[in-house]
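A.B. asks: Requesting a structural model of the entry that follows:
(2 chains)
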Amino acid sequence: MGRKILLDKINVPGIKTYEVYRREGGYASVEKALKKMTPDEVVEEVKTSGLRGRGGAGFPAGMKWSFIDKKSGNPRHLVCNADESEPGTFKDRYLMEYIPHLLIEGMITSSYALGANLSYIYIRGEYMWVYKILEKAIAEAKAAGWLGKNILGSGYDLELYVQIGGGAYICGEETALIESLEGKRGNPRLKPPFPAVKGLWQNPTVVNNVETIAAVPWIVNNSGADYAGIGIGRSTGTKLISASGNIKNQGVYEIELGVSVYEFMNSDEYCGGMQTDRPLKALVPGGSSVPILPANLIYKTAAGEDRLMTYESLSDGGFATGSMLGSGGFIVYDDRACIVRNTWNFARFYHHESCGQCTPCREGTGWLEKVLWRIENGQGREEDIELLWSIQSKIEGNTICPLGDAASWPVAAAIRHFKDEFEYHIRFPEKIKNRDHFVAEPFSTVQHLVAKENV
Amino acid sequence: MERSHIKQEINITEPLMARINELISHYPADKKKSALLPVLHEVQDAHDNWLSIELQNKVAEILEILPIEVYEVVTFYTMFNQRPIGKYMFEFCQTAACCQNGVEDLMDYTCSKLGVGIGEPTTDGMFEVRGVECLGACGYAPMMQLGDFYQEHLTREKVDQLIADCKDGKITLHDK
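C.D. replies: Reported below is the predicted structural model:
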């Protein structure tokens, strides 16, 4: 059994309520931090822990905290990014829905470390019932004296609120989230200045993912060194993985970073193997934006090493043969899945979610969707694969925020690893008329019809 | 979504105004505009789930901002409706795992059962079907949002049951 830091108490009856959470040792990190530690000492522990941003980027959290501007003397804010919207990702919702006080506790301890007296949790609009759960948890915490003025007699003040979004994936990008929190459209800002210098209302701000903040209480209660002792190399600690697709046990799992992809996929503790006896075809390991891996690159890297659930191992081989851990949105495909359809589906998502600010993304994502749609619907042209390649390469790196990259990478990876499937769609339109074309006749059984070519 | 010219009755009740004031209090006194998204949700929920221009103007007045500052937000975010919608809006997630798990067939089924196309309310205004992007429930696919809640692991039978429950008034849309 892997060690559980975030989910160890999730099945305790009544853990949603303040009383039970507190009885189970909740809020101890607030007591320890406020009574026995200086804010800088908390930051140091988080630095030592090696905790990396769990929203997808994997940037070291302690380092991000240390960038917050203290010289200006402006009020500082901690904002929790609970705008979970990356397709394949549903881990933060699980945490907030079933153990909301863990996030509240993490917010208080982390706000103290940053010297923030006014903090927010920004949650996606569709999680309306979770918003209510968090509002209730905050009210309970406040009534018990963990929020407000002079918390535990320490002289530290904190107000914490939840803000609800309006249904826009782009608000998961930290500067778009800040804009939205200011009551505006979610258009990402040009950086620099970074939020650590000019964020919410132009004040120094740190934006962290739910899971990142939820790891802080354990780090403070134990130590950064203890946390760093879990995992492998620079992938320290545990990570929530939300697993979906054609596996037996879909759901949210906490893993110790470093478990092998094979074990995660096949152990009964986690995914429990494939849903049916159909063979594994592909894997998106970290949310829709990361490159899709074909079957031969899932359990082993191109170098023949075991592929592990770590930031480093999943990206081993770069984009040519690797992918990314990303948000931990783990989507499994068996041989009934159509990669062209899946790629079109993702492209439609990014087109819909593009804020429209940067031309390459606004125009390019629509173009990708359109071309993919015609290939999937039997109207593809021989030159379309080249065209897709060209469009994605012109979006990538040419936009203010990473949504452009996120839209490009899945298209590039699908062409890189599944080019013959695109060719099949273009050359045999009559065979793909039905949207479930690979259910009755998996691609592996018709692959021989397509002459092999390399990109 | 296209804007509607249908007249909407505006009624900012006392409890609604109290909730709005509470939301405003979550932000510094000179940052009232920050309350815009939560206030729009509350106001929309209390007005048959849509926001006419007149209602948006009212929100601008309450928050002491320009009407355009409200319009640009309403038109940006998917959850704000600019025309009357079906009372029970079945918002099916169409992305990734939901697509993989047959949501398109389920949407076809629901539409034919209700006798409507996607995005057109039934003539009695009771139902509407819409496709939306990832709702963060990939492990429980296929699924949809109905009011403030998720309906997961959907099947045709569950859709039938939901339609029946809506007709019988057994479905709560908003938890207030």
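A.B. asks: Stretch B:155-167 - what's its average pLDDT?
C.D. replies: If you average the pLDDT over stretch B:155-167, you get 98.
A.B. asks: whoops, stretch A:139-148 was the one
C.D. replies: Mean pLDDT, stretch A:139-148: 98.
A.B. asks: In chain B, where is pLDDT below threshold?
C.D. replies: Within chain B, the set of residues satisfying pLDDT under 70 comprises B:1-3.
A.B. asks: Break it down into its domains, please.
C.D. replies: Per automatic domain parsing, the structural domains of chain B span B:14-74, B:88-167.
A.B. asks: can you map out the helices along the stretch 251-400 of chain A?
C.D. replies: Here the stretch 251-400 of chain A has its helices, by DSSP state H, counting those that start in this stretch, at A:261-266, A:311-314, A:318-321, A:339-353, A:359-376, A:384-395.
A.B. asks: Residue B:145: which of those helices is closest?
C.D. replies: Set against residue B:145 and scored by C-beta to C-beta, these come closest in helix A:339-353, at 15.6 Å. All C-beta atoms are positioned from the backbone trio N, CA, C, and that covers glycine.
A.B. asks: now chain A, which segments are flagged as low pLDDT?
C.D. replies: A:452-455.
A.B. asks: Would you reformat the domains of chain B as TSV and include distance to chain A?
C.D. replies: Output for the domains of chain B, formatted as TSV (distance: least, C-beta to the nearest C-beta, whole Å):
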stretch	distance to chain A
domain B:14-74	3
domain B:88-167	4
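A.B. asks: number of nearby residues for the residue in chain B that chain A sits nearest to?
C.D. replies: Residue nearest to chain A within chain B (C-beta to the nearest C-beta): residue B:77, separated by 2.9 Å. Counted by other C-beta atoms under 10 Å in any protein chain shown, the residues lying close to residue B:77 total 19.
A.B. asks: tell me which element it is part of?
C.D. replies: Assigned by DSSP states H and E, residue B:77 belongs to neither a helix nor a strand.
A.B. asks: can you pull the contacts of it?
C.D. replies: A:125, A:165, A:166, A:167, A:168, A:186, B:37 (C-beta atoms under 8 Å, 6 or more residues apart in numbering or on different chains).
A.B. asks: So what angle separates the directions of the longest strand seen in chain A and helix A:339-353?
C.D. replies: Once chain A is assigned using DSSP state E, the strand that runs over the most residues is strand A:238-245. Going by axes from the mean of the first three to the mean of the last three C-alpha atoms, to 10 degrees, strand A:238-245 is angled at 120 degrees with respect to helix A:339-353.
A.B. asks: helices or strands up against strand A:238-245?
C.D. replies: Judged by 3 or more C-beta pairs under 8 Å, 6 or more residues apart in numbering or on different chains; DSSP states H and E, the packing partners of strand A:238-245 are helix A:91-98, helix A:210-221, strand A:251-256, strand A:329-334, helix B:96-100.
A.B. asks: Save those as a markdown table, and put in mean neighbour count too.
C.D. replies: Below are the helices and strands packed on strand A:238-245 laid out as a markdown table (neighbours: other C-beta atoms under 10 Å in any protein chain shown):
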| stretch | mean neighbour count |
| --- | --- |
| helix A:91-98 | 24 |
| helix A:210-221 | 27 |
| strand A:251-256 | 21 |
| strand A:329-334 | 27 |
| helix B:96-100 | 27 |
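A.B. asks: Nearest to residue A:239, out of those?
C.D. replies: For the helices and strands packed on strand A:238-245, the distance to residue A:239 is smallest for strand A:251-256, at 5.8 Å, taking C-beta to C-beta.
A.B. asks: what lines up beside that closest one in the sheet?
C.D. replies: Strand A:251-256 sits in its sheet next to strand A:238-245 (antiparallel), going by DSSP bridges.
A.B. asks: Could you export the partner strand as CSV, CA atoms only?
C.D. replies: The C-alpha coordinates for strand A:238-245 follow below in CSV (Å, rounded to 0.1, in the frame of the first residue of the first chain):
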residue,chain,number,x,y,z
THR,A,238,2.3,11.9,-3.3
LYS,A,239,0.1,12.9,-6.2
LEU,A,240,-3.6,12.5,-6.9
ILE,A,241,-4.3,10.8,-10.1
SER,A,242,-7.8,10.9,-11.6
ALA,A,243,-8.1,7.8,-13.8
SER,A,244,-10.8,7.4,-16.5
GLY,A,245,-11.4,5.7,-19.8
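A.B. asks: how about the residues of the stretch 51-200 of chain A near chain B?
C.D. replies: For the stretch 51-200 of chain A, the residues in contact with chain B (C-beta under 8 Å from any C-beta of the partner chain) are A:84-90, A:93, A:118, A:124-129, A:132, A:161, A:163-169, A:180-186.
A.B. asks: Same question for the stretch 251-400 of chain A.
C.D. replies: Selection of the stretch 251-400 of chain A residues close to chain B by C-beta under 8 Å from any C-beta yields A:251-252, A:288, A:329, A:331, A:333, A:337, A:341-342, A:345-346, A:348-349, A:352-353, A:355.
A.B. asks: Residue B:94 contacts residue B:133, doesn't it?
C.D. replies: Yes - Residue B:94 is in contact with residue B:133 according to C-beta atoms under 8 Å; the separation is 6.7 Å.
A.B. asks: what residues are shared contacts of the two?
C.D. replies: Counting by C-beta under 8 Å, 6+ apart, the common neighbours of residue B:94 and residue B:133 are residue A:348.
A.B. asks: Make sure residue A:115 is actually in contact with residue A:74.
C.D. replies: No - contact criterion C-beta under 8 Å: residue A:115 and residue A:74 do not qualify, at 10.9 Å.
A.B. asks: Buried residues in the longest helix seen in chain A, which are they?
C.D. replies: The single longest helix within chain A, with elements called by DSSP state H, is helix A:403-427. Neighbour counts over helix A:403-427 (16 or more other C-beta atoms under 10 Å in any protein chain shown) mark A:403-426 as buried.
A.B. asks: before we move on, what about stretch A:24-44?
C.D. replies: The neighbour-count check on stretch A:24-44 (16+ other C-beta under 10 Å) flags A:26, A:27, A:29, A:30, A:31, A:33, A:34, A:37, A:39, A:42, A:43, A:44 as buried.
A.B. asks: again with stretch A:382-401
C.D. replies: By neighbour count on 16+ other C-beta under 10 Å, the buried set for stretch A:382-401 is A:384, A:385, A:388, A:389, A:391, A:392, A:395, A:396, A:399, A:400, A:401.
A.B. asks: In JSON lines: those residues, plus distance to residue A:219.
C.D. replies: JSON lines is the format used below for the buried residues of stretch A:382-401 (distance: C-beta to C-beta, whole Å):
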{"residue": "A:384", "distance to residue A:219": "50"}
{"residue": "A:385", "distance to residue A:219": "47"}
{"residue": "A:388", "distance to residue A:219": "44"}
{"residue": "A:389", "distance to residue A:219": "44"}
{"residue": "A:391", "distance to residue A:219": "43"}
{"residue": "A:392", "distance to residue A:219": "39"}
{"residue": "A:395", "distance to residue A:219": "38"}
{"residue": "A:396", "distance to residue A:219": "35"}
{"residue": "A:399", "distance to residue A:219": "34"}
{"residue": "A:400", "distance to residue A:219": "33"}
{"residue": "A:401", "distance to residue A:219": "29"}
